[in-house]
Every structure is written in C-alpha cells, then in structure tokens.
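[1] Quick check, what structure comes out for this input:
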Amino acid sequence: MTGELSFFEIGTGDVARVQAFYSGLFGWEFAVTEGGASITTPNVPGGVHPQDAGASPYLFFAVDDLEAAIARVQDLGGSADPMGESDDQAAQFGRFALCADDQGSPFGLHERPSAV
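    Numbering: from 1, shown residues only. Got it, this is the predicted structure:
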C-alpha cells in the first residue's frame, strides 16, 4: 500500500554498538550487509548505515513507482534525491530516495524489491 511506513534506517559511527544497544533494548536481530547491517523487527524492516554518527533515524514511506513519486514530491515544492543502491542492494532491500517536504521536513520514499 502506498504511503505506509515500510522501512527505517539508523545512522551510526559504530555499527556494533547500534547492534548491541537495540538488540538489548528490543531484541531486534541484525545481519551484517555490504553497507552496514539489516535489522529484523516484529513489523517494519530496517537498516544501519555506518559513517553517519549522530544522524536521526530515517523513516521511509512505501511507493509503487519511485521515479513517479520523486517527480510528485518535486511538483509539490519538495526535494528528492535517489540514493543509488547497487543492483544487489536494490534486489534485497528495494530502492530509496531521501526527500524533504516543501517546508524542509525530511522523510524518505521506498520502492519495495520486486518479488522473486
């Protein structure tokens, strides 16, 4: 469904510390990936991206067509920047764009990976 929360990411300078903290707090499971770690939660999947100490969590909302959604964000006066995942990352996690609304509030768009 378009617009539902579909993915989140946590920026960090230390992936191992994030894993220890959130697995200790919530029991989340982590798997090391090419660009950090993936997070398994009871409901919304997530990821950890390194070299981003002090970053706020990123919330991503589902869209069916990333390019069309980016164009719509821009038409409405917001900004959008596709993240440029590798083909392997896109196949596993989907495609993403970091956005801001017309007042500068950040959010993300997420096109889920195609069913295999």
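[2] ok, now which ones touch residue 37?
    Residues counted as contacts of residue 37 (Cβ atoms under 8 Å, 6 or more residues apart in numbering) are 15, 18-19, 30-31, 47-48. C-beta here means a position set from N, CA and C on the backbone, and glycine is covered the same way.
[3] ok, now how distant is it from residue 48?
    Using Cβ to Cβ, to the nearest Å, residue 37 is found at 4 Å from residue 48.
[4] What are the buried residues along the longest helix along the chain?
    With residue count as the measure and DSSP state H as the assignment, the chain has helix 15-26 as its longest helix. Residues of helix 15-26 classed as buried under the neighbour-count rule (16 or more other Cβ atoms under 10 Å) are 15, 18-19, 22.
[5] list the residues that contact both of residue 37 and residue 48?
    Here residue 37 and residue 48 share the contacting residues 15, 18-19, 30, scored by Cβ under 8 Å, 6+ apart.
[6] between these, which is closest to residue 108?
    residue 18 (18.3 Å; Cβ to Cβ).
[7] give the contact list for that closest one.
    10, 12, 37, 48.
[8] same deal with residue 99?
    So, once contact is read as Cβ under 8 Å, 6+ apart, residue 99 ends up touching 70, 73, 78-81, 106-109.
[9] The same query, at a cut-off of 10 Å, please.
    60-61, 69-70, 73-74, 78-82, 105-109 (Cβ atoms under 10 Å, 6 or more residues apart in numbering).
[10] ok, now residue 113?
    Residue 113 neighbours (Cβ under 10 Å, 6+ apart): 89-95.
[11] List the contacts of the helix or strand bottoming out on mean pLDDT in the chain.
    Least confident helix or strand, the chain: helix 87-93 with a mean of 86, by mean pLDDT, DSSP states H and E. Applying Cβ under 10 Å, 6+ apart, the external contacts of helix 87-93 come out as 7, 9, 33-35, 38, 45-47, 83-86, 95-96, 110-114, 116.
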